[in-house]
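>>> the sequence isn't on hand, but the structure is:
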Ligand SMILES: Cc1cc2nc3c(=O)[nH]c(=O)nc-3n(C[C@H](O)[C@H](O)[C@H](O)COP(=O)(O)OP(=O)(O)OC[C@H]3O[C@@H](n4cnc5c(N)ncnc54)[C@H](O)[C@@H]3O)c2cc1C
C-alpha cells in the first residue's frame, strides 16, 4: 500500500528539485488567456464612472445622454447615496465597443453635493488628541523596565498607504446563458468567488460557474466578486449579452485595495549587552474608509515589557484590503527600525544584536541559522561597519537586516485524482494559480506519488465546478493543495494496487509505483508497466478524492504552519542627491518541505522585488484639499524595474529540521522584511535614520540637512 | 477620448493649413506618447488631429554647413544612436538615453519632446494648467514635491518636462518653425520656451498653426554634458537635470552655459552660474561653486526644498563630466 507520508529525500524524483513551471511556455508565448483576453460571442464592453469627490452625496445620476448614444446597450446606476472616496464607482455603461463605452461613460451626468472630507493619515495630532481614550495593550511592567534599562532609545517611523497595483487589474467577463451565470474573473478565490455574487444578482450559487486559469497578481485584493463583479453580472442580465468589465488602472489604484499606513513613536529599553527589556509604541495610521488593525509591535521579538497604544484614522480613501502578509510589513518595519537604532545607540554590531535577541523569538535556532547564512551570502564580515560609512566621497554604503515570521498553514482543499484505463491521469481541484506555480506543484505531487513523469498528469484547476479548494490568501495554497492532491493520488494508487495485486500474485500492501512501473516492494522484478496495470481496470476509471483537513494533515506532517526568514540589504546612498540604490539583497527563508525549489526561489525573488519597490518608490499620494489621489497611474505610482533591484540572492532552508515538517506556505513571509532591511541599511550608510518609507531623495536630503551630514 | 477628425498630410504647407489658429481646436500628432494620453484623459479635446508622420522632410539627422540639423520627427532612439550626435553632443545622448524606455524612445520624437505638455499631476488630473481651485493654487498648498523652485511666483508652478530643452539651450541651438503658407522662422532655443500667462496658453512660443520642423545645433567644439538626478531607471523623470556647455581654452572655461531642467516652467538658463564659470579653471572646486551659483535665487515651495540641493549636485557633476 502506498503511504501518504512524504517520501524520504533519497526516494524523491521530483519533489524538491528545480522544476520549470509547466505553464511557463504558455505565458511566455501569450497562449495563456487572462480575464482580459476572454472574448465571448456578442460581448459588450463596460466602463465604470467614478466619483471625483472624496466625500459627497449623489443627488442624481442621469444616463439619458449615454443611452441615446448608438451602440449603448445597458447602464447601471448605484442606489447608494453617499460616496466616501474619490474613485468610488457610481455608475457604469455597457456598449458594443470599448470606444463607445468610453464615450458613453463621459455622457453620464452625476450630480453631487460635496461633503467635508479628510485624507490626511500621518499627522500625530490625530493620535495625541485621542490618546487618553485609547486602549493600551500592556504586558509586564513597562515603566519599571524603562527605569532599569541601561539605554532607552526613542524614534519615529512611518510607512505610508500603498496600493496592490496588480499588473492585471481587477475585473471579469460575465455571461448569463440559459439562466446560468458564467464568470471569468481575475480572482484568488475560484471556489468561493460567488459567495456574495449570487445574492447580489439573484442567481443561485449552484448556477454560477467561475473560471480563472491564469491571473496576474492579487496580493490579497482579489477574494470577492466586488462591486464590479455585481455590475458586470447585472449588465449581462439586463442586456442578455456577455459583458467585459476590467478596471482601468486609475480606478484600480483608487478603489481596489489599500495597504494601511502605520506611523509610530517607539521607545526601546535595553541592557548594556544588548538584551531587549521594554518596548513602548504609539501607533496611528489609516485603513481608508474601513477599520484599522494596528500592526504587531514589537514584531517577532517577544520583549517582556511592552505597551502598545494605537489609533486608526478614518479617511476618505479607498478601503483597506489584505496586502501580502497583512500588518506584518508595517509591524516589521517599525520594530526592526527601532531595534537597529537601539543597536546603534549601544554601539553594537547589528548582526550581533539580532543574534543576541533571537532567544526572544519562537524560532531562535532557525533565525540564528538564517542570519548566519544571509551574512555569509552578503559577505557581512568584510562589508560591515558601524553607523556612518567613513569612506570619503558622496556615495555611502551600508548593510541592514531584518527578520520576519508567518503562519502559512494549508487551507482546506479537495482534490479528485482519476486514473483511466489508458494510463492517463488527471487531477481536478477548484484551486487557482496566481502565477506562483500552484499548477506545477500539484503536477509534481501527483506525478511523484504515482511514480510517473510530470507530463503524465493533466492538472485541471481554476473552475468552481471542480472540488472546492481554499482561496489563495495567507500563504495557505501550497500546503492545502499539496496535501489534498497527495491524499487523492495515494488513494487512487491504492485502489489501483487492489485491482492488480492478484495479477502480480501478491497483496496490494506489497506494491509500490516507481518510475512508470508497479512492482513488488521486496521483489522489484515482479512488476508490470503503469500502462499494463491501468489496462486491467477494464472500463472503470478510478477516481478518488483527497480532502485536506488541516489539523489532521498537520499531525501526519503533510503540512505545517509557522516559518522564519532573515534578510540583509546592501545599499548605496548618494548623499548629494539622496538617491538610494540597492546593490544586493539576500534572503534566507524556510517553508518546510519544498515541493519545487525553482518556483519557491522565484516566490522569494518576487517578494524581494516587491519589497524593494515599497521601500524605495511606492506611496499613494493624496491631495488634501480635493481629496483626490494624484498618482493613480503607473507614472508616479512607481514600481521597481529590473535595473532598480540590484543583485538578489535567495537561500531556501531545506533538509533536516525543515523537510520533516511537511509543506508550509511561502507567499507572504519574504515580502515582510525588505522595507526594514533596506531602511536599516540606509541608516547604516548615512549614520542617521531616514524615518519614513519610501526612501526617496526628498526624505533622504531632508534628514541629511537636519543632521548636518550633507556633503 | 472624444472623436476627432484625423489628417496625415504629406507637406508642411498642407499641415499648417489644417491647423486652427486657436489652441485646442486642433492638435499636432508626432509619436503620440504624450498627446494620446492627453486625448484619452480629456485633457485636450481637439476637433482635428494633424499627424506629421507622412512629412518626410522633417525626419532624420544630417550635417548642414556648420550645424547638425535634427528633423523634428526624428525619434529619440535614432538621436541616441546617431554618430554625429554621439561625436559632438554627448549631452543630448544622455538626455535621450535617460528617457530609458524602449517604447518611448522608439516612437517619441525630438519635436514631441520639446513640445510635450507638463506632467504636473494636478494638470493631468484635470485641474487645469494652473491648478486653481476656489481661487487658490492647489499646487502651492498641496503636493508640490516635483514642482518649480525657480520662476514660481506666478500662476505656473509646473516644470517644463523636456530633457532636451536644457541641452539644446546650452548648446546654443536654433529652432526652425513652419507656419501658414509655408512661412518659416527661426528662434533661439532659449526663446522657444515660455511661461504661459493664461490657462489656454502653451509652454512654447509656437503659434497654434505653426510646426516645429528642425533643430540646428552649431558645431563649435563645445564641451558638453547632461547630468540627471534620477531614481527609478526606466520610465521615469529626472528630479533635476543640468546641461552644460563650454569651451576650454588654455585651461579655463569660456562661452559657458548652464541650463537646468525640471526646476521651472521653462528650461532654466542660470545666467549667474554661466557667468561664474567663464574664466575659471574647471576643477572640483569651481564645479561645486558653479553648482552653488546655479542654486542661487531658488524659492522652493512647501515640499520641494530638496531640489535646491539636487541642483547643486547636478550642475557640479555636469560640469565635471563635460570637462572630463
Ligand atoms: C513615464 C514617462 C517618462 C518620461 N520621461 C521623460 C524624460 O525623462 N525626459 C523627457 O524629455 N521626456 C520624458 N518623457 C516624455 C517623452 O519623451 C515624450 O512623451 C516624447 O518625447 C513626446 O514625443 P512624441 O513624438 O510622442 O510627442 P506627441 O505625443 O506626439 O506630442 C507631444 C506634444 O507636442 C506637440 N508636437 C509634437 N511634435 C510637434 C511639432 N513638430 N511641432 C509642434 N508641436 C508638436 C503635440 O501637439 C503634443 O502637444 C517621458 C514620458 C513618460 C510617459
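Noted; the coordinates are in hand. Bear in mind that the values here come from a model prediction, so they are computed numbers and not experimental data.
>>> please report how far residue A:574 lies from residue A:701.
The gap separating residue A:574 from residue A:701 is 10 Å, by CB to CB, to the nearest Å. Heads up, the C-betas are built off the backbone N, CA and C, glycines and all.
>>> not counting its neighbours along the chain, what's nearest residue 130?
You didn't pick a chain, so chain A it is. Closest residue in space to residue A:130, ignoring its immediate chain neighbours: residue A:311 at 5.1 Å, by CB to CB, 6 or more residues apart in numbering or on different chains.
>>> not quite, go with chain B.
For residue B:130, ignoring the flanking residues on the chain, the nearest one in space by CB to CB, 6+ apart is residue B:155 at 4.2 Å.
>>> quick one, what contacts the one you found?
Contacts for residue B:155 (CB atoms under 8 Å, 6 or more residues apart in numbering or on different chains) come out as B:130, B:132, B:137, B:197.
>>> find the closest residue to the ligand in chain B.
residue B:112 (2.2 Å; CB to the nearest ligand atom).
>>> buried set for whichever strand or helix holds that residue?
Per DSSP states H and E, residue B:112 falls inside helix B:110-115. Of the residues in helix B:110-115, B:110, B:111, B:112, B:113, B:114, B:115 count as buried by neighbour count, 16 or more other CB atoms under 10 Å in any protein chain shown.
>>> can I get those in a markdown table including distance to residue A:524 and pLDDT?
Output for these, formatted as a markdown table (distance: CB to CB, whole Å; pLDDT from 0 to 100):
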| residue | distance to residue A:524 | pLDDT |
| --- | --- | --- |
| B:110 | 74 | 98 |
| B:111 | 77 | 98 |
| B:112 | 73 | 98 |
| B:113 | 72 | 98 |
| B:114 | 78 | 98 |
| B:115 | 78 | 98 |
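>>> next to chain B, which bits of the stretch 1-150 of chain A? Give me the list.
A:52, A:102, A:103, A:106 (CB under 8 Å from any CB of the partner chain).
>>> which residues does the closest residue in space to residue B:314 that isn't next to it in sequence contact?
Counting by CB to CB, 6+ apart, residue B:242 is the residue found nearest to residue B:314 once chain neighbours are left out, at 3.8 Å. Going by CB under 8 Å, 6+ apart, residue B:242 touches B:166, B:226-227, B:258-261, B:294, B:311, B:314-315, B:317-318.
>>> near chain A, which residues of the stretch 151-300 of chain B?
Counting by CB under 8 Å from any CB, the stretch 151-300 of chain B sits next to chain A at B:229, B:230, B:231, B:232, B:233, B:234, B:235, B:236, B:239.
>>> who in the stretch 151-300 of chain B is up against the ligand?
B:161, B:162, B:163, B:164, B:206, B:211, B:212, B:235, B:236, B:237, B:238 (CB under 6 Å from any ligand atom).
>>> ok, the second one - how many residues close by?
Think residue B:162. Residue B:162: 25 surrounding residues under other CB atoms under 10 Å in any protein chain shown.
>>> and the third one, by the same measure?
Counted with other CB under 10 Å, residues neighbouring residue B:163 total 26.
>>> how about residue 175, what does it touch?
Reading this off chain A. A:40, A:43, A:181, A:182, A:183, A:236, A:242, A:243.
>>> right idea, wrong chain: chain B
Residue B:175 sits in contact with B:114, B:168, B:186, B:187, B:188, B:189, B:192, B:212, B:214, B:215, B:216, where contact means CB under 8 Å, 6+ apart.
>>> near the residue lying closest to it once chain neighbours are set aside, how many other residues are there?
Among residues not flanking residue B:175 along the chain, residue B:192 sits closest, at 4.7 Å (CB to CB, 6+ apart). Other residues lying near residue B:192 total 25 when counted by other CB under 10 Å.
>>> kindly report the same for residue A:20.
13.
>>> quick check: the gap between residue B:189 and residue B:257.
10 Å.
>>> what's the overlap in contacts for those two?
Common neighbours of residue B:189 and residue B:257 (CB under 8 Å, 6+ apart) are B:169, B:171, B:172.
>>> got a ChimeraX select line for the buried ones in these?
In ChimeraX, a selection of the buried entries from the shared contacts of residue B:189 and residue B:257 looks like this (16+ other CB under 10 Å):
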select /B:169,171,172
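>>> got a markdown table for the shared contacts of residue B:189 and residue B:257, with pLDDT too?
Shown next, in a markdown table, are the shared contacts of residue B:189 and residue B:257 (pLDDT from 0 to 100):
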| residue | pLDDT |
| --- | --- |
| B:169 | 98 |
| B:171 | 98 |
| B:172 | 98 |
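>>> so what does whichever residue of the stretch 451-600 of chain A sits closest to the ligand have for phi and psi?
The stretch 451-600 of chain A approaches the ligand most closely through residue A:579 (14.9 Å), counting by CB to the nearest ligand atom. Backbone dihedrals for residue A:579, given as degrees, to the nearest 10, come out at phi -80, psi 130.
>>> quick one, what contacts it?
Neighbouring residues of residue A:579 by CB under 8 Å, 6+ apart: A:573, A:697, A:700, B:229, B:230, B:231.
>>> so how many other residues sit close to residue A:67?
15.
>>> related to what we said a few turns ago, grab the two from the residues of the stretch 151-300 of chain B next to the ligand that are most spread out in space.
Taking CB to CB as the measure, those span a maximum distance of 29.1 Å, between B:211 and B:236.
>>> who has more neighbours, those two?
Taking other CB under 10 Å, residue B:211 and residue B:236 do not tie; residue B:211 has more neighbours (24 against 19).
>>> so what's that one up against?
B:12, B:15, B:16, B:19, B:28, B:52, B:58, B:72, B:177, B:178, B:179 are the contacts of residue B:211 under CB under 8 Å, 6+ apart.
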